[in-house]
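Asks: everything below, folded, please.
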Amino acid sequence: MKKIRILVVEDEEKLARIMADFLRLQGYEVQCAADGESALQIFYSQKVRADLILLDVMLPGISGYEVLKELRASTDVPVILLTARSSVEDQMSGFEKGADDYITKPYTLELVKLHIEAVLRRAGKLKETMEFGDITVDLAGQMVYWKGNYIETTRKEYELLVYFMQNSGTVLRRNSILDAVWGYDYEGDMRTVDTLVKQLRKKLSEECDYIKSVYGVGYIFGDKRGR
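Replies: Model prediction:
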């Protein structure tokens, strides 16, 4: 499954790194730029351009608004502005310049995730369903089906399954799963992951052996390795 590419344009190095790590955990391919000129260079130099841009307004050199203006002269790539300016006037200015969405600082990573999904869905870039073997996930309705039969899941069970499917064939460490599904600020321990995996396995079916334990590490989805 082709990963959606996101370009994060943020001059605060720590914030950019945290954002990039979080988005990668969600299954996105991520590139970062620390200023507007670098962002434009990266975007236009890629053979396969970004599907969405997270663009900080306050950047060194040319501003985020100037970057947006340059982009809109030649492309309709979805752009979400990130800014500390929260006035209605500032938001209207961003939309008038061609922004698809607007997130004010401070924000949570979960909120950014929801905004990204909403913008990608409107742009027709987000798949409405995911399939793996006998599992089908309705992403719009957040519903899970096994061999066509609806499986009732909690929100966390659903998010865990989607994360597994996005990263099928990859050994996933428990701490990475914890960060991706519960967030960086979650204070629980690794046993939370094991408990949720157990619940999800039970709900899917005894026939479903897609989620395999990797001793001492974590889990792998949809691969014959593991145990």
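Asks: could you list the low-confidence segments of the protein?
Replies: Applying pLDDT under 70 to the chain flags residues 1-2, 86, 184-188, 223-227.
Asks: hmm, 50 instead?
Replies: Scanning the chain for pLDDT under 50 picks out the ranges 224-227.
Asks: quick one, strands of it?
Replies: Remark: strands assigned in the chain by DSSP state E are 5-9, 29-33, 52-56, 79-83, 101-104, 129-132, 135-138, 143-146, 149-151, 172-173, 211-214, 218-221.
Asks: domain ranges for this protein?
Replies: What automatic domain parsing lists as the domains of the chain is 5-122, 129-221.
Asks: what's the most buried one of those domains?
Replies: Among the domains of the chain, ranked by average contacts under mean count of other C-beta atoms under 10 Å, first place goes to domain 5-122 (a mean of 17). Bear in mind the C-beta positions are built from the backbone N, C-alpha and C, glycine included.
Asks: picking that back up, for residue 92, which of the strands of the chain is the nearest?
Replies: The closest of those to residue 92 is strand 101-104. By C-beta to C-beta, the value is 9.3 Å.
Asks: tell me who's in contact with the closest residue to residue 126 other than its chain neighbours.
Replies: Of all residues not flanking residue 126 in the chain, residue 120 sits nearest, at 3.9 Å (C-beta to C-beta, 6 or more residues apart in numbering). By C-beta atoms under 8 Å, 6 or more residues apart in numbering, the contact set of residue 120 is 4, 51-52, 78, 126.
Asks: rewinding a little: and the strands of the chain: which comes nearest residue 111?
Replies: Across these, residue 111 has its closest neighbour in strand 101-104 (6.9 Å, C-beta to C-beta).
Asks: next one: that closest one to chain centre, how far?
Replies: From the chain centre to the centre of strand 101-104 is a distance of 16 Å (C-alpha atoms, centre = their mean, to the nearest Å).
Asks: how about stretch 100-117?
Replies: 11 Å.
Asks: tell me how far the ends of that stretch are from each other?
Replies: With C-alpha to C-alpha, to the nearest Å as the measure, stretch 100-117 spans 12 Å from end to end.
Asks: before we move on, what about stretch 57-65?
Replies: Start-to-end, stretch 57-65 (C-alpha to C-alpha) is 6 Å.
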